[in-house]
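Peer 1: give me coordinates for this.
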Amino acid sequence: MFSIPIYPDLAAKTAVVTGGSGGIGAETARWLACNGVRVTVAGRDPGRLDATLRSLEAISAGHASVCLDCTSREELEAARSVFAEREDKLDILVAFAGGGSGRPAPLEDVTEADWRSSLDHNLTATFLTLSVFLPSLRQGRGGAVITMASSAGRAPSQAPLGYGVAKAGIIMLTQQAAHDLGPSGVRVNCVAPSAVLTDRTAAHMPPDIQAQVALAHPIRRLGSPADVAAATLFLASESASWLTGATLDIAGGRLMH
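Peer 2: As a prediction, the model looks like this:
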């Protein structure tokens, strides 16, 4: 769709990208690699994670992958240990892991299991990721964190209730982390995509529905993983050095705050 921008200050930096098995996370990892960043990509699907790592290695050397579930502090701690064995510092943390079960339904029909699944796989996973890896960023006296919310966390939508609430929680978590970590030189920002056409979304959304959803956006198209990767790259770079606690709506104009 468009060429990958190059931010010279990113060269030779290190990054951890969770949710990197595919989709937005994998694309973001590739854009970071194209900027000379050494990426440790993490995700739950071993096969897709291996494919992401191969795509990174086709760009440059020095990358790694870790299979983990971000709802587990123990697995995150193990991943941090693996990272620390390879790198002496962490510069960029991209906390994009998400998921959960559930379907759109009135509040009274939402099951407790679906509610807890949405909160665990989105809000709790992001909290644990930040909790485990932020000490590494503090040690470096600087760095950038980018979290993943959603337009569903910015306004009522047709998304599952627990998902929207969890994503709204991530926005507040981001703001609190930005407030607490600013004196350490660590910036914390958030991206909130609207409808992004990943491979998984395309498999579950027929073309006629894609066209209808695209028309709901003033920029008459669905988003792409590249749209989110571009915003994330900017937030990770020194071009965003005076920006923290912000949420960028990567939403084609559907949300305007």
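
Peer 1: alpha carbons only for contacts and neighbour counts from here, please
Peer 2: Noted.

Peer 1: can you tell me the SS state at Asp120?
Peer 2: At Asp120 the chain is in helix, as set by DSSP: H, G, I helix; E, B strand; the rest coil.

Peer 1: which residues touch the one residue sitting closest to the centre of the chain?
Peer 2: The residue lying closest to the centre of the chain (C-alpha atoms, centre = their mean) is Phe96, at 2.4 Å. Listed by C-alpha atoms under 8 Å, 6 or more residues apart in numbering, the contact set of Phe96 reads 17-20, 25, 126, 146-148.

Peer 1: swap in Ile4?
Peer 2: For Ile4, counting by C-alpha under 8 Å, 6+ apart, the contacting residues are 31, 34, 230.

Peer 1: what do you get if the cut-off is 6 Å, keeping everything else the same?
Peer 2: By C-alpha atoms under 6 Å, 6 or more residues apart in numbering, the contact set of Ile4 is empty.

Peer 1: just the helices in this protein please.
Peer 2: Ranges of helices in the chain, per DSSP state H, are 23-34, 46-57, 73-86, 112-118, 125-139, 161-181, 199-204, 207-215, 225-236.

Peer 1: may I see the buried residues of the fifth one?
Peer 2: What it means is helix 125-139. Within helix 125-139, the residues that count as buried by 16 or more other C-alpha atoms under 10 Å are 125-130, 132-134, 136-138.

Peer 1: show me where pLDDT drops low in this structure?
Peer 2: 1, 202 (pLDDT under 70).

Peer 1: longest strand of it?
Peer 2: strand 186-193 (DSSP state E).

Peer 1: pull the residues that contact that one.
Peer 2: Under C-alpha under 6 Å, 6+ apart, the answer for strand 186-193 is 142-151, 178, 244-251.

Peer 1: in its sheet, what does that strand sit against?
Peer 2: Pairing partners of strand 186-193, with direction, according to DSSP bridges: strand 143-148 (parallel), strand 247-250 (parallel).

Peer 1: and the last one, how far out from the chain middle?
Peer 2: Put simply, strand 247-250 sits 12 Å off its chain's centre (C-alpha atoms, centre = their mean, to the nearest Å).

Peer 1: identify all contacting residues around it.
Peer 2: 190-193.

Peer 1: quick one: contacts for Met148?
Peer 2: Met148 neighbours (C-alpha under 6 Å, 6+ apart): 96, 190-191.

Peer 1: list the beta-bridge partners for it.
Peer 2: Beta-bridge partners, per DSSP bridges, of Met148: Val191.

Peer 1: ok, the residue in the chain sticking out farthest from the centre to Ser101 distance?
Peer 2: Outermost residue of the chain with respect to the C-alpha centroid, by C-alpha atoms, centre = their mean, is Glu108; its distance is 30.1 Å. Distance of Glu108 to Ser101, computed by C-alpha to C-alpha, to the nearest Å: 16 Å.

Peer 1: same thing with Gly252?
Peer 2: Taken as C-alpha to C-alpha, the span from Gly252 to Ser101 is 26 Å.

Peer 1: looking at those two, which is more packed in?
Peer 2: Neighbour tally, Gly252 and Ser101, criterion other C-alpha atoms under 10 Å: the higher count belongs to Gly252, 20 against 15.

Peer 1: tell me the contacts of the more buried one?
Peer 2: Counted by C-alpha under 6 Å, 6+ apart, Gly252 has contacts 217, 219.

Peer 1: all numbers from here: first residue = 302
Peer 2: Happy to do that; since the first residue is 302 now, the last one works out to Gly553.
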